[in-house]
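Asker: mind looking at a prediction? Sequence and model below.
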Amino acid sequence: MNKYNIFLIVFGVLCFNMSQAQKNTINFDMGYGYAFQQNASGYVVNLQYLRALSGKIKTGLIVGHNYNEGRGLIPKDISSGVFPFRDYTNPLPLGGYNGAWDADSFTGIRLRSKPNHYFCFTLGAGVVYDFIQSGKNKVFIDMAGAYAIRDEMEIARLITADQIKFTNSSIFENAQIPVYRYSTYGDWMLRLGLGYSFQISKNMALRTFHAFTSFSGKGDILMNSSMGVEARF
Amino acid sequence: MNKISFIVCLLLLVAVSGAAQSVMEPPPPGKLKFTLGLGFDEAIILKSQLPTIGIGYDSKLSERFFLTFNILSHYRRNSDVVFDRVLNSPVADILALGAWGPFMTDEEVRLIENKGVKAFPSQATIKSLAIPADVGIIYYVMNGHRHKLGINVGFNLMYQNHNYFRDYLPVEYIQWLGSAQPAVPDIYLSVPTEFRSISPGFNARFIYELHAKDTVLGLRIGSYDVLDFGSRLFSSSLTVHELTLFYGLKLKK
């Protein structure tokens, strides 16, 4: 046995141990999301478990939440018509109308008119390819496919009414009555993204991730930019 | 013989180098936790089977005390019995016509158009979102090498967003349809109310942890806003209970 072989063996064993220790990765990302078709913005949270296939390729599971809100069909200037929305100036309390509502009935309730809500829960698999690795810096491509459970609420249309008269109240003209629709369904999503991570300790890195996600159901596209942590073990 | 000794040496080296690695490393100063769990609403009602997703960090103060930070995303939906009462109104008809989705067949759409209201749109009209974030202290009552049992109390800020049909407005819907006299059906406007709030409160949890060399598997059960001192002063909020599984990673310098 060559005397240098023992050093090769020691080096190999150390590499083996290191590679075993760094084979698994968990990523957590949280950031901003924007749905183009719905013109709705919100947040995105993703959790990934990845297992290294080679030095540059990892694959694993993803799970995530996307939540967006938008104004939908409500015009920016709502002074032109009457919109029976409840906001700071037109709130309603819990419970039914009893003819005695006043400002004190709404203590602390904060309202805003962004009635369209889009939620999506994703569960799927993905592949990450580290195509640039330099010291503590790493740039990677992330591609994932997932089943998406989607829960949505949005204004389907605004009905224009010549007059609406609230019972025991005044008559409003040129009123716009929002009609809502609700959808809970599942479809598929495909996500393609680019990210950068910077190692801050032996088994942890900070990362930023930017991606576009396309959904099969309606073909809508979601953009997200997030920050997160990458933990290796 | 040489081959056997070579294999033995190799196995010893693997074991020794692994052990040396663990001995040489300083004790971890804290752990990063990735969480998946279930969120329960007030009265411990499970409204959503979709898991909560979150992250947390525990920083060591002493052998038994840790400082902890956590944040969680929790979304759920629910149906509202009040809304069912307006389903026979003209507006509800239109709303049913607007119902759609990839799983709806043409036959179902025609059924809705011909017969009016279907129960479909009355389901899941309440949308609720809660994002609690908390900071607090963990005290490990049982602090074994492998098993730990802790109590966590802390301060939480919770962003909540609820859409409710808690009532409806009776309206005379006057339609001028080209006739001399208007048609005046009584309808109900089903306008949702949005409650948005950021409420402060106290949270409490029980935590069980199973420790390995570099990792921790844990289960925690507890409540956000268990003592709510914000509803009257700041905003309206609802208590959120959690049952969460977490995987922690002991960080190395």
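Answerer: Alright, I've got the coordinates.

Asker: excluding sequence neighbours, find me the nearest residue to residue A:71.
Answerer: When the adjacent residues along the chain are set aside, residue A:71 lies closest to residue A:114, with 5.8 Å between them (Cβ to Cβ, 6 or more residues apart in numbering or on different chains). Glycine gets a C-beta too; all of them are placed from N, C-alpha and C.

Asker: quick check: residue A:126 touching residue A:141?
Answerer: No - judged on Cβ atoms under 8 Å, residue A:126 makes no contact with residue A:141 at a distance of 10.5 Å.

Asker: who has more neighbours out of the two?
Answerer: Just comparing residue A:126 and residue A:141: by other Cβ atoms under 10 Å in any protein chain shown the higher neighbour count belongs to residue A:126, 21 against 15.

Asker: helices of chain B, residue ranges please.
Answerer: Assigned by DSSP state H, chain B shows helices spanning B:2-24, B:81-84, B:90-97, B:106-115.

Asker: state the distance from residue B:54 to chain A.
Answerer: To chain A, residue B:54 is 8 Å away according to Cβ to the nearest Cβ, to the nearest Å.

Asker: identify the bridge partners of that residue.
Answerer: When bridges are assigned using DSSP bridges, the partners listed for residue B:54 are residue B:35, residue B:72.

Asker: could you list everything residue B:143 pairs with in the sheet?
Answerer: Under DSSP bridges, the beta-bridge partners of residue B:143 are residue B:148.

Asker: ok, it to residue A:76 distance?
Answerer: Distance, residue B:143 to residue A:76, by Cβ to Cβ, to the nearest Å: 58 Å.

Asker: for the closest residue to chain B within chain A, helix, strand, or coil?
Answerer: In chain A, no residue comes nearer to chain B than residue A:156, which is 3.5 Å away by Cβ to the nearest Cβ. When states are read from DSSP: H, G, I helix; E, B strand; the rest coil, the local structure at residue A:156 comes out as strand.

Asker: touching, it and residue A:116? I think so.
Answerer: No - here residue A:156 does not reach residue A:116: they are 10.2 Å apart, not a contact under Cβ under 8 Å.

Asker: before we move on, back to that, need the per-residue pLDDT for the residue of chain A closest to chain B.
Answerer: You'll see residue A:156 listed with a pLDDT of 71.

Asker: burial count for it?
Answerer: The burial metric for residue A:156, expressed as a neighbour count using other Cβ under 10 Å, is 19.

Asker: mind checking the SS state of the residue nearest to residue A:71?
Answerer: coil.

Asker: residue A:73: helix or strand, and which one exactly?
Answerer: Under the criterion DSSP states H and E, no helix or strand holds residue A:73.

Asker: how much space between the residue of chain A closest to chain B and residue A:221?
Answerer: In this structure, residue A:156 and residue A:221 are separated by 21 Å, where distance is defined by Cβ to Cβ.

Asker: related to what we said a few turns ago, which one's more surrounded, residue B:143 and residue A:76?
Answerer: When neighbours are counted by other Cβ under 10 Å, residue B:143 comes out ahead of the other of residue B:143 and residue A:76, with 13 against 5.

Asker: the more buried one against residue B:65, yeah?
Answerer: No - shown here, residue B:143 and residue B:65 do not form a contact pair, counting by Cβ under 8 Å, at 10.1 Å.

Asker: how far away is residue B:78 from chain A?
Answerer: Counting by Cβ to the nearest Cβ, the gap from residue B:78 to chain A is 11 Å.

Asker: in chain A, what helix or strand scores lowest on average pLDDT?
Answerer: Of the helices and strands making up chain A, the lowest-confidence element is helix A:5-21, at a mean of 54, by mean pLDDT, DSSP states H and E.

Asker: to what extent is residue A:131 buried, counted in neighbours?
Answerer: A count of nearby residues for residue A:131, using other Cβ under 10 Å, gives 11.

Asker: any idea where the strands of chain A begin and end?
Answerer: Along chain A, the segments classed as strands by DSSP state E run A:24-35, A:40-52, A:57-70, A:116-134, A:137-166, A:171-201, A:204-215, A:221-232.

Asker: can you say which of the ones you listed is nearest to residue B:55?
Answerer: For the strands of chain A, distance to residue B:55 was read as Cβ to Cβ. The smallest value, 4.7 Å, belongs to strand A:24-35.

Asker: what pairs with that closest one, and is each one parallel or antiparallel?
Answerer: The strands beside strand A:24-35 in its sheet (DSSP bridges) come out as strand A:40-52 (antiparallel), strand A:221-232 (antiparallel).

Asker: quick one: that strand to strand A:137-166, angle?
Answerer: With axes from the mean of the first three to the mean of the last three Cα atoms, to 10 degrees as the basis, strand A:24-35 and strand A:137-166 are set at 40 degrees to each other.

Asker: for strand A:24-35, which positions count as buried?
Answerer: Counting neighbours by 16 or more other Cβ atoms under 10 Å in any protein chain shown, one finds that the buried residues in strand A:24-35 are A:24-31, A:33-35.

Asker: export those residues to a markdown table and tack on pLDDT?
Answerer: Formatted as a markdown table, the buried residues of strand A:24-35 follow (pLDDT from 0 to 100):
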| residue | pLDDT |
| --- | --- |
| A:24 | 89 |
| A:25 | 92 |
| A:26 | 93 |
| A:27 | 94 |
| A:28 | 95 |
| A:29 | 95 |
| A:30 | 95 |
| A:31 | 96 |
| A:33 | 96 |
| A:34 | 96 |
| A:35 | 95 |
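
Asker: and these, which is closest to residue B:201?
Answerer: Nearest to residue B:201 among these, with distances taken as Cβ to Cβ, is residue A:30, at 21.9 Å.

Asker: distance-wise, check the residue nearest to residue A:71 relative to residue A:215.
Answerer: From residue A:114 over to residue A:215 the distance is 21 Å, taken as Cβ to Cβ.

Asker: could you list the domains of chain B?
Answerer: Domain assignment of chain B by automatic domain parsing yields the ranges B:31-79+B:126-250, B:91-123.

Asker: ok, of those, where does mean pLDDT dip lowest?
Answerer: Out of those, domain B:91-123 stands lowest, with a mean of 48 (criterion: mean pLDDT).

Asker: please say which of residue A:114 and residue A:215 ends up with more neighbours.
Answerer: residue A:215 (22 against 18).

Asker: list the residues that contact that one.
Answerer: With Cβ atoms under 8 Å, 6 or more residues apart in numbering or on different chains as the criterion, the residues that contact residue A:215 are A:120, A:148, A:150, A:187-189, A:221-222.

Asker: drop anything exposed from those.
Answerer: Listed as buried from those are A:120, A:148, A:150, A:187, A:189, A:222; burial here means 16+ other Cβ under 10 Å.

Asker: need the max-distance pair from those.
Answerer: Taking Cβ to Cβ, the two most distant members of the buried ones among the contacts of residue A:215 are A:187 and A:222; they sit 12.3 Å apart.

Asker: what about chain A, any weak spots by pLDDT?
Answerer: Scanning chain A for pLDDT under 70 picks out the ranges A:1-22, A:77-113, A:157, A:159-175, A:177-179.

Asker: can you list the buried residues of strand A:24-35 in TSV and add distance to residue A:226?
Answerer: Rendered in TSV, the data for those read as follows (distance: Cβ to Cβ, whole Å):
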residue	distance to residue A:226
A:24	21
A:25	16
A:26	15
A:27	10
A:28	9
A:29	4
A:30	6
A:31	3
A:33	8
A:34	12
A:35	15
